[in-house]
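Visitor: model this:
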Amino acid sequence: MGKLPCYKTLDEKEEFFHNGSREINTKKEFDTFWDQLLDWEDKREFRFRGCGEARYRLFNSSQRYWKEKDLARTGLIYHDFIQKMIEHARRWNNRTVTNFFTRNGINFKNALAYLSFMQHNGLPTPLLDFTSSPFTGLYFAVEHPESGPSDDDIDAYCSLYIVNTTNAYFTESISRFNSEITDNADLAIEYEKHLLSHSILFISTDNEFYRALNNFNILNQKGVFFFNAHPEQPIEVVYRDLMNDLKKVLGTEQTKQSNHQGKFAECVNINKNLRPYILKALGKKEINKDFIFPDVQMFTQSVIKEALSDL
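Guide: Numbering: from 1, shown residues only. Sure, this is the predicted structure:
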(Lines give C-alpha, C1' and ligand atoms only; values in the text may rest on other atoms or scores of the structure.)
Protein backbone atom coordinates (compact mmCIF):
# COMPACT_ATOMS: atom_id res chain seq x y z
CA MET A 1 0.00 0.00 0.00
CA GLY A 2 1.26 3.45 -0.93
CA LYS A 3 1.60 6.32 1.54
CA LEU A 4 0.56 9.90 0.90
CA PRO A 5 3.15 12.59 1.66
CA CYS A 6 2.47 14.92 4.60
CA TYR A 7 3.81 18.23 5.80
CA LYS A 8 6.58 17.76 8.36
CA THR A 9 6.49 21.28 9.84
CA LEU A 10 4.13 24.24 9.87
CA ASP A 11 6.82 26.31 8.16
CA GLU A 12 6.68 23.92 5.21
CA LYS A 13 3.07 24.99 4.62
CA GLU A 14 4.16 28.58 3.90
CA GLU A 15 5.08 27.62 0.33
CA PHE A 16 1.48 26.69 -0.50
CA PHE A 17 -0.78 28.71 1.82
CA HIS A 18 -1.06 32.34 2.89
CA ASN A 19 0.07 32.48 6.53
CA GLY A 20 0.66 28.74 6.32
CA SER A 21 2.50 28.58 9.64
CA ARG A 22 0.06 30.76 11.61
CA GLU A 23 -0.73 29.29 15.06
CA ILE A 24 -3.55 29.74 17.55
CA ASN A 25 -2.46 28.40 20.93
CA THR A 26 -4.48 30.20 23.61
CA LYS A 27 -8.14 30.90 24.37
CA LYS A 28 -7.44 34.61 24.02
CA GLU A 29 -5.97 34.12 20.56
CA PHE A 30 -8.95 31.97 19.60
CA ASP A 31 -11.46 34.55 20.87
CA THR A 32 -9.86 37.11 18.57
CA PHE A 33 -10.04 34.61 15.71
CA TRP A 34 -13.71 33.95 16.51
CA ASP A 35 -14.44 37.60 15.74
CA GLN A 36 -12.81 37.07 12.36
CA LEU A 37 -15.07 34.06 11.76
CA LEU A 38 -18.13 36.19 12.55
CA ASP A 39 -16.96 38.69 9.94
CA TRP A 40 -16.41 35.94 7.36
CA GLU A 41 -19.88 34.52 8.07
CA ASP A 42 -21.42 37.59 6.43
CA LYS A 43 -19.17 37.49 3.36
CA ARG A 44 -20.22 35.18 0.54
CA GLU A 45 -16.88 35.02 -1.23
CA PHE A 46 -15.05 32.79 1.28
CA ARG A 47 -15.07 28.99 1.47
CA PHE A 48 -13.66 26.87 4.29
CA ARG A 49 -12.26 23.41 4.93
CA GLY A 50 -11.41 22.04 8.35
CA CYS A 51 -8.82 19.31 8.72
CA GLY A 52 -8.20 17.43 11.96
CA GLU A 53 -4.46 17.13 11.27
CA ALA A 54 -2.35 20.09 10.20
CA ARG A 55 0.15 17.76 8.55
CA TYR A 56 -2.31 16.43 5.97
CA ARG A 57 -2.06 17.75 2.45
CA LEU A 58 -5.30 18.52 0.62
CA PHE A 59 -5.72 15.32 -1.34
CA ASN A 60 -9.21 14.35 -2.49
CA SER A 61 -10.66 10.92 -1.76
CA SER A 62 -9.95 9.39 -5.19
CA GLN A 63 -6.29 10.41 -4.93
CA ARG A 64 -6.09 8.86 -1.46
CA TYR A 65 -7.81 5.66 -2.59
CA TRP A 66 -5.69 5.42 -5.73
CA LYS A 67 -2.46 5.80 -3.80
CA GLU A 68 -3.36 3.71 -0.75
CA LYS A 69 -4.59 0.80 -2.89
CA ASP A 70 -1.61 1.23 -5.25
CA LEU A 71 -3.98 0.97 -8.23
CA ALA A 72 -1.42 2.30 -10.70
CA ARG A 73 0.26 -1.12 -10.48
CA THR A 74 -2.85 -2.76 -11.95
CA GLY A 75 -2.44 -0.92 -15.26
CA LEU A 76 -5.68 1.00 -14.71
CA ILE A 77 -5.64 4.70 -15.68
CA TYR A 78 -6.74 7.09 -12.90
CA HIS A 79 -9.44 8.95 -14.84
CA ASP A 80 -10.68 5.73 -16.46
CA PHE A 81 -11.23 4.42 -12.93
CA ILE A 82 -13.36 7.47 -12.03
CA GLN A 83 -15.25 7.28 -15.31
CA LYS A 84 -16.01 3.61 -14.69
CA MET A 85 -17.33 4.39 -11.21
CA ILE A 86 -19.68 7.01 -12.68
CA GLU A 87 -20.94 4.53 -15.27
CA HIS A 88 -21.50 1.83 -12.65
CA ALA A 89 -23.30 4.35 -10.43
CA ARG A 90 -25.64 5.06 -13.35
CA ARG A 91 -26.40 1.37 -13.85
CA TRP A 92 -26.48 0.35 -10.18
CA ASN A 93 -29.53 -1.60 -8.99
CA ASN A 94 -31.41 -1.35 -12.27
CA ARG A 95 -30.53 2.37 -12.65
CA THR A 96 -31.93 3.39 -9.27
CA VAL A 97 -29.75 6.51 -8.92
CA THR A 98 -30.34 7.50 -12.55
CA ASN A 99 -34.09 7.12 -12.17
CA PHE A 100 -34.00 9.15 -8.95
CA PHE A 101 -32.10 11.92 -10.73
CA THR A 102 -34.42 11.87 -13.75
CA ARG A 103 -37.52 12.16 -11.55
CA ASN A 104 -35.93 15.22 -9.94
CA GLY A 105 -35.01 16.92 -13.19
CA ILE A 106 -31.32 16.02 -13.20
CA ASN A 107 -29.79 15.22 -16.59
CA PHE A 108 -28.66 11.57 -16.71
CA LYS A 109 -25.46 12.84 -18.39
CA ASN A 110 -24.65 15.12 -15.45
CA ALA A 111 -21.38 13.58 -14.22
CA LEU A 112 -21.11 16.28 -11.56
CA ALA A 113 -24.39 15.20 -9.94
CA TYR A 114 -23.19 11.59 -9.82
CA LEU A 115 -19.86 12.62 -8.33
CA SER A 116 -21.63 14.66 -5.65
CA PHE A 117 -23.93 11.72 -4.83
CA MET A 118 -20.97 9.35 -4.77
CA GLN A 119 -18.90 11.69 -2.58
CA HIS A 120 -21.49 11.72 0.18
CA ASN A 121 -22.04 7.99 0.03
CA GLY A 122 -18.42 7.11 0.72
CA LEU A 123 -17.13 6.53 -2.80
CA PRO A 124 -13.77 8.05 -3.86
CA THR A 125 -14.10 11.08 -6.15
CA PRO A 126 -11.91 13.96 -7.39
CA LEU A 127 -14.05 16.40 -5.39
CA LEU A 128 -12.73 18.04 -2.23
CA ASP A 129 -15.34 19.11 0.34
CA PHE A 130 -15.47 22.74 1.43
CA THR A 131 -18.23 24.79 3.05
CA SER A 132 -19.53 28.33 2.81
CA SER A 133 -19.85 28.42 6.63
CA PRO A 134 -16.72 29.30 8.64
CA PHE A 135 -18.22 27.59 11.69
CA THR A 136 -18.92 24.35 9.84
CA GLY A 137 -15.35 24.42 8.55
CA LEU A 138 -14.11 24.96 12.09
CA TYR A 139 -16.26 22.06 13.35
CA PHE A 140 -14.58 19.67 10.91
CA ALA A 141 -11.20 20.85 12.15
CA VAL A 142 -11.99 20.17 15.82
CA GLU A 143 -14.75 17.52 15.76
CA HIS A 144 -12.62 14.94 17.58
CA PRO A 145 -12.14 16.31 21.11
CA GLU A 146 -8.89 14.53 21.99
CA SER A 147 -6.00 16.78 22.98
CA GLY A 148 -2.87 16.85 20.89
CA PRO A 149 0.79 16.34 21.86
CA SER A 150 2.14 18.66 24.52
CA ASP A 151 5.01 19.91 22.37
CA ASP A 152 4.61 22.44 19.57
CA ASP A 153 5.30 20.25 16.53
CA ILE A 154 2.86 20.00 13.64
CA ASP A 155 0.99 17.06 15.19
CA ALA A 156 -0.20 19.38 17.96
CA TYR A 157 -2.40 21.25 15.46
CA CYS A 158 -5.51 20.95 13.33
CA SER A 159 -6.12 23.40 10.49
CA LEU A 160 -8.75 25.61 8.91
CA TYR A 161 -8.28 26.56 5.26
CA ILE A 162 -9.91 29.68 3.81
CA VAL A 163 -10.34 30.19 0.06
CA ASN A 164 -11.36 33.49 -1.55
CA THR A 165 -13.50 32.57 -4.56
CA THR A 166 -13.22 36.06 -6.08
CA ASN A 167 -9.73 34.90 -7.11
CA ALA A 168 -9.62 35.48 -10.86
CA TYR A 169 -8.48 31.92 -11.49
CA PHE A 170 -11.73 30.54 -10.06
CA THR A 171 -14.05 33.10 -11.66
CA GLU A 172 -12.46 32.71 -15.09
CA SER A 173 -12.46 28.90 -15.00
CA ILE A 174 -16.10 28.62 -13.88
CA SER A 175 -17.15 31.11 -16.56
CA ARG A 176 -15.43 28.98 -19.19
CA PHE A 177 -16.94 25.82 -17.71
CA ASN A 178 -20.45 27.28 -17.92
CA SER A 179 -19.89 28.34 -21.52
CA GLU A 180 -18.69 24.87 -22.47
CA ILE A 181 -21.84 23.30 -21.00
CA THR A 182 -24.37 25.73 -22.43
CA ASP A 183 -22.85 25.21 -25.88
CA ASN A 184 -24.36 21.69 -25.74
CA ALA A 185 -27.95 21.32 -26.90
CA ASP A 186 -28.70 18.78 -24.15
CA LEU A 187 -26.84 20.77 -21.42
CA ALA A 188 -24.90 17.65 -20.39
CA ILE A 189 -21.95 17.77 -18.00
CA GLU A 190 -19.61 15.05 -19.18
CA TYR A 191 -16.62 14.02 -17.11
CA GLU A 192 -13.97 13.75 -19.81
CA LYS A 193 -15.24 16.52 -22.09
CA HIS A 194 -16.08 19.18 -19.51
CA LEU A 195 -14.55 18.52 -16.10
CA LEU A 196 -11.19 17.26 -17.34
CA SER A 197 -10.66 20.40 -19.41
CA HIS A 198 -9.97 22.17 -16.08
CA SER A 199 -7.10 21.58 -13.67
CA ILE A 200 -9.04 23.03 -10.72
CA LEU A 201 -12.69 24.02 -10.66
CA PHE A 202 -14.78 25.62 -7.91
CA ILE A 203 -18.24 24.01 -7.81
CA SER A 204 -21.02 25.88 -6.00
CA THR A 205 -23.93 23.67 -4.94
CA ASP A 206 -26.15 26.77 -5.01
CA ASN A 207 -26.05 26.64 -8.81
CA GLU A 208 -29.29 24.88 -9.81
CA PHE A 209 -27.83 23.91 -13.16
CA TYR A 210 -25.10 21.74 -11.63
CA ARG A 211 -27.61 19.84 -9.46
CA ALA A 212 -24.87 18.93 -6.98
CA LEU A 213 -27.11 19.66 -3.97
CA ASN A 214 -28.70 16.23 -3.70
CA ASN A 215 -28.43 15.05 -0.09
CA PHE A 216 -29.05 16.21 3.51
CA ASN A 217 -25.35 16.46 4.36
CA ILE A 218 -24.59 19.04 1.69
CA LEU A 219 -27.59 21.12 2.77
CA ASN A 220 -26.76 21.36 6.48
CA GLN A 221 -23.02 21.55 5.93
CA LYS A 222 -23.49 24.31 3.34
CA GLY A 223 -21.22 22.18 1.23
CA VAL A 224 -19.38 23.19 -1.93
CA PHE A 225 -16.66 21.40 -3.88
CA PHE A 226 -13.30 21.97 -5.48
CA PHE A 227 -12.52 19.63 -8.37
CA ASN A 228 -8.87 18.64 -8.81
CA ALA A 229 -8.06 16.82 -12.04
CA HIS A 230 -4.52 15.82 -11.09
CA PRO A 231 -4.10 12.10 -10.28
CA GLU A 232 -1.36 12.61 -7.68
CA GLN A 233 -0.74 16.20 -6.59
CA PRO A 234 -2.84 17.84 -3.83
CA ILE A 235 -4.81 20.88 -4.87
CA GLU A 236 -2.48 23.41 -3.23
CA VAL A 237 0.50 22.07 -5.24
CA VAL A 238 -1.49 22.04 -8.49
CA TYR A 239 -2.53 25.64 -7.87
CA ARG A 240 1.05 26.71 -7.05
CA ASP A 241 2.26 25.21 -10.34
CA LEU A 242 -0.56 26.89 -12.29
CA MET A 243 0.38 30.28 -10.87
CA ASN A 244 4.07 29.74 -11.60
CA ASP A 245 3.18 28.99 -15.23
CA LEU A 246 0.96 32.09 -15.38
CA LYS A 247 3.75 34.29 -14.00
CA LYS A 248 6.02 33.09 -16.80
CA VAL A 249 3.47 34.35 -19.31
CA LEU A 250 2.17 37.53 -17.65
CA GLY A 251 4.95 38.38 -15.22
CA THR A 252 4.60 38.51 -11.43
CA GLU A 253 3.24 42.05 -11.21
CA GLN A 254 0.59 41.64 -13.92
CA THR A 255 -0.50 38.34 -12.37
CA LYS A 256 -1.16 40.16 -9.09
CA GLN A 257 -2.92 43.06 -10.81
CA SER A 258 -5.25 40.62 -12.60
CA ASN A 259 -6.41 39.35 -9.16
CA HIS A 260 -4.82 35.92 -9.50
CA GLN A 261 -3.90 35.11 -5.93
CA GLY A 262 -0.49 33.59 -5.39
CA LYS A 263 -1.61 30.69 -3.18
CA PHE A 264 -4.66 28.46 -3.12
CA ALA A 265 -5.86 29.31 0.38
CA GLU A 266 -5.09 30.92 3.71
CA CYS A 267 -4.28 28.54 6.58
CA VAL A 268 -4.88 28.83 10.31
CA ASN A 269 -3.37 26.13 12.55
CA ILE A 270 -5.23 25.61 15.83
CA ASN A 271 -3.77 23.85 18.85
CA LYS A 272 -5.70 20.63 19.51
CA ASN A 273 -5.77 21.39 23.23
CA LEU A 274 -8.35 24.10 22.42
CA ARG A 275 -10.82 21.59 20.96
CA PRO A 276 -13.16 21.33 24.02
CA TYR A 277 -13.27 25.13 24.32
CA ILE A 278 -14.03 25.52 20.60
CA LEU A 279 -16.68 22.79 20.53
CA LYS A 280 -18.47 24.53 23.39
CA ALA A 281 -18.47 27.80 21.43
CA LEU A 282 -19.76 26.02 18.33
CA GLY A 283 -22.47 24.32 20.40
CA LYS A 284 -23.90 27.74 21.29
CA LYS A 285 -24.41 28.26 17.55
CA GLU A 286 -26.04 24.78 17.32
CA ILE A 287 -23.16 23.49 15.21
CA ASN A 288 -22.81 19.91 16.42
CA LYS A 289 -22.68 16.32 15.14
CA ASP A 290 -26.47 15.91 14.95
CA PHE A 291 -26.78 19.01 12.76
CA ILE A 292 -23.72 18.39 10.59
CA PHE A 293 -24.60 14.72 9.94
CA PRO A 294 -28.42 14.46 9.84
CA ASP A 295 -29.49 10.90 10.62
CA VAL A 296 -32.76 9.79 8.98
CA GLN A 297 -33.31 7.20 11.72
CA MET A 298 -33.01 9.94 14.34
CA PHE A 299 -35.47 12.00 12.29
CA THR A 300 -38.02 9.18 12.46
CA GLN A 301 -37.62 8.66 16.20
CA SER A 302 -37.66 12.39 16.97
CA VAL A 303 -40.82 13.11 14.98
CA ILE A 304 -42.75 10.30 16.66
CA LYS A 305 -41.46 11.29 20.10
CA GLU A 306 -42.47 14.93 19.63
CA ALA A 307 -45.88 13.96 18.23
CA LEU A 308 -46.59 11.85 21.32
CA SER A 309 -45.09 14.28 23.83
CA ASP A 310 -48.42 15.97 24.69
CA LEU A 311 -50.36 12.74 25.29
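Visitor: what's the nearest residue to the residue nearest the centre of the chain if we skip its chain neighbours?
Guide: Central residue of the chain (CA atoms, centre = their mean): Asp129, 2.0 Å from the mean position. Leaving aside its chain neighbours, Asp129 sits nearest to Gly223 (6.0 Å; criterion: CB to CB, 6 or more residues apart in numbering). The C-beta positions use only the backbone N, C-alpha and C, and glycine is treated the same way.
Visitor: Now for the residue nearest to the centre of the chain: which residues touch it?
Guide: Arg49, Gln119, Gln221, Gly223, Phe225 (CB atoms under 8 Å, 6 or more residues apart in numbering).
Visitor: Sketch out the low-pLDDT regions of the stretch 151-300 of the chain for me.
Guide: Along the stretch 151-300 of the chain, segments meeting pLDDT under 70 span 151-152, 185, 205-221, 296-298.
Visitor: Let's verify Val268: helix, strand, or coil?
Guide: Going by DSSP: H, G, I helix; E, B strand; the rest coil, the secondary structure assigned to Val268 is strand.
Visitor: Look up how far Val142 lies from the closest residue to it other than its chain neighbours.
Guide: Excluding the flanking residues, the one nearest Val268 by CB to CB, 6+ apart is Leu160, at 4.8 Å. Remark: distance between Leu160 and Val142 (CB to CB, to the nearest Å) = 9 Å.
Visitor: buried stuff in stretch 160-176?
Guide: Across stretch 160-176, burial judged by 16 or more other CB atoms under 10 Å covers Leu160, Tyr161, Ile162, Val163, Asn164, Thr165, Asn167, Tyr169, Phe170, Ser173, Ile174.
Visitor: Which member of these is positioned nearest Asn93?
Guide: Ile174 (33.1 Å; CB to CB).
Visitor: quick one: what helix or strand has that closest one in it?
Guide: Counting by DSSP states H and E, the element that carries Ile174 is helix 168-182.
Visitor: host element of the residue nearest to the centre of the chain?
Guide: strand 127-131.
Visitor: Give the rounded mean pLDDT of that strand.
Guide: Here strand 127-131 scores 95 as its mean pLDDT.
Visitor: pLDDT averaged over whichever helix or strand comes after it - what is it?
Guide: For strand 127-131, the following helix or strand on the C-terminal side (DSSP H and E) is helix 134-142. Across helix 134-142, pLDDT averages out at 96.
Visitor: mind starting the numbering at 890 from now?
Guide: Happy to do that; since the first residue is 890 now, the last one works out to helix 1023-1031.
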